[in-house]
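Asker: Take a look and give me a structure for this.
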Amino acid sequence: MVQPALQRIDTVARHFVPFGVTIFLLLFGLTPTHIPGFAPVSPMLTLMAVYFWAVYRPDAIGYGFAFAVGVVEDLLTGTPLGSSALVLMLCQWIVFRQQKFFNARPFFVVWLAFCLVALGAALLRWLAVGLFSESGFVTPDQALMSAVMSMAIYPIIGWLLAKAHLKLMVQP
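Answerer: Have a look, this model is predicted:
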């Protein structure tokens, strides 16, 4: 009687790993670095997580996942409400539509595809924040630098997410 209940709890907990890890990366990205000018060019950690889960575990996440993470990110960062949700949901939609492309591809190909997604996400975020925030547009080079930083550290974040996936999500 106790064993099936523990198995159900374990299954539910494993189901929430993508959301929990993504929220952790969101909060980690908001940690103050005390580096002047770093915030506008910081890497898009939530984009990396949503992209990773959409490629490797599309069955574990849905559009509600990306929307919820995006809204939480907007609330915590002060960006216009819905701008991050739009970017994350669009990223997820693109990956879901190209699932056949991603099947059994080497990491290098997945990373190159992420580079394109990161550039598009940076442009879309720059437009959304510039059009709808009170502060207006930031310089385009900040958005580009954020995309470049994201591209540069995606292999590290992807490796960490893969480790989390193998350790926490795969049934023993």
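
Asker: Buried residues, the lowest-mean-pLDDT helix or strand in the chain. List them.
Answerer: The element with the least model confidence among the helices and strands of the chain, by mean pLDDT, DSSP states H and E, is helix 2-15, at a mean of 76. Within helix 2-15, no residue counts as buried by 16 or more other Cβ atoms under 10 Å. No exception for glycine: its C-beta is placed from N, CA and C like everyone else's.

Asker: gap between that helix and the chain center?
Answerer: Taking Cα atoms, centre = their mean, to the nearest Å, one finds the center of helix 2-15 at 26 Å from the center of the full chain.

Asker: start at 41 instead
Answerer: Let's use 41 as the start, then, which means that last one is helix 42-55.

Asker: ok, then the element right after it?
Answerer: On the C-terminal side of helix 42-55, the closest following helix or strand by DSSP states H and E is helix 57-69.

Asker: quick one, helices of the protein?
Answerer: Along the chain, the segments classed as helices by DSSP state H run 42-55, 57-69, 85-96, 103-117, 123-137, 139-142, 147-172, 180-204.

Asker: Looking at those, which is nearest to residue 75?
Answerer: With Cβ to Cβ as the criterion, residue 75 lies closest to helix 180-204 of the helices of the chain, at 12.1 Å.

Asker: now for that closest one, which elements pack on it?
Answerer: Counting contacts by 3 or more Cβ pairs under 8 Å, 6 or more residues apart in numbering; DSSP states H and E, helix 180-204 is packed against helix 57-69, helix 85-96, helix 147-172.

Asker: List the buried residues in the longest one.
Answerer: Spelled out, that is helix 147-172. Using 16+ other Cβ under 10 Å as the test for burial, helix 147-172 gives 150, 153-154, 157-159, 161-162, 164-166, 168-170.

Asker: Give me the angle between it and helix 123-137.
Answerer: Between helix 147-172 and helix 123-137, the angle comes out at 150 degrees (axes from the mean of the first three to the mean of the last three Cα atoms, to 10 degrees).

Asker: likewise the shortest one?
Answerer: Calculated by the same axes, to 10 degrees, helix 85-96 forms an angle of 20 degrees with helix 123-137.

Asker: Make CSV out of the helices and strands packed on helix 180-204 and add mean pLDDT and distance to residue 198.
Answerer: CSV is the format used below for the helices and strands packed on helix 180-204 (pLDDT from 0 to 100; distance: least, Cβ to Cβ, whole Å):
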stretch, mean pLDDT, distance to residue 198
helix 57-69, 91, 12
helix 85-96, 95, 6
helix 147-172, 92, 7
